[in-house]
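quick one, what's the 3D model for this:
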Amino acid sequence: MDSRIALVGIIVEDPKSVDRINETLHEYRNYIIGRMGIPYRKRSIAVISIVMDAPNPVISALSGKLGMLPNVSTKTIYSKITPSSKDNEH
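Now for the predicted structure:
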C-alpha cells in the first residue's frame, strides 16, 4: 500500500481531552514524522499539527479517532506527491 504525506490539524477546546489525544498519537507513533503544539491562552485552546507518512487508511483512522473526542476538531490535508509520481521525475 502506498504511503502519503499528510498534515493533520487539531484544535483542542478542552484540556481534559489532552490525555486521550496523546494516547492516540502514541498508537500511531511509527507513522508520525513531526508534531508541533501551540497553546493559545487568550482563547483557552491548543492547536496541534501532526505530519505523517502513512497509507491513506492509517491517516484517516487517526484523524477520525481524534475527531470523535469531545471538544476536538481535526482537518487533514494530503500532499499531491505519491511515491510513484516522485520516482517518475528522474
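
where exactly do the strands run in this protein?
Along the chain, the segments classed as strands by DSSP state E run 3-12, 32-40, 45-55, 72-78.

which strands or helices does the second one pack on?
Counting by 3 or more C-beta pairs under 8 Å, 6 or more residues apart in numbering; DSSP states H and E, the packing neighbours recorded for strand 32-40 are strand 45-55. Placement of C-beta: from N, CA and C, glycine included.

what residues sit buried inside the strand it packs on?
45-46, 48, 50, 52-54 (16 or more other C-beta atoms under 10 Å).

got TSV for the residues you listed, with distance to residue 4 and pLDDT too?
TSV is the format used below for the buried residues of strand 45-55 (distance: C-beta to C-beta, whole Å; pLDDT from 0 to 100):
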residue	distance to residue 4	pLDDT
45	28	96
46	26	96
48	20	97
50	14	98
52	8	97
53	7	96
54	7	96
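
any regions of the chain where pLDDT drops low?
Applying pLDDT under 70 to the chain picks out residues 82-90.
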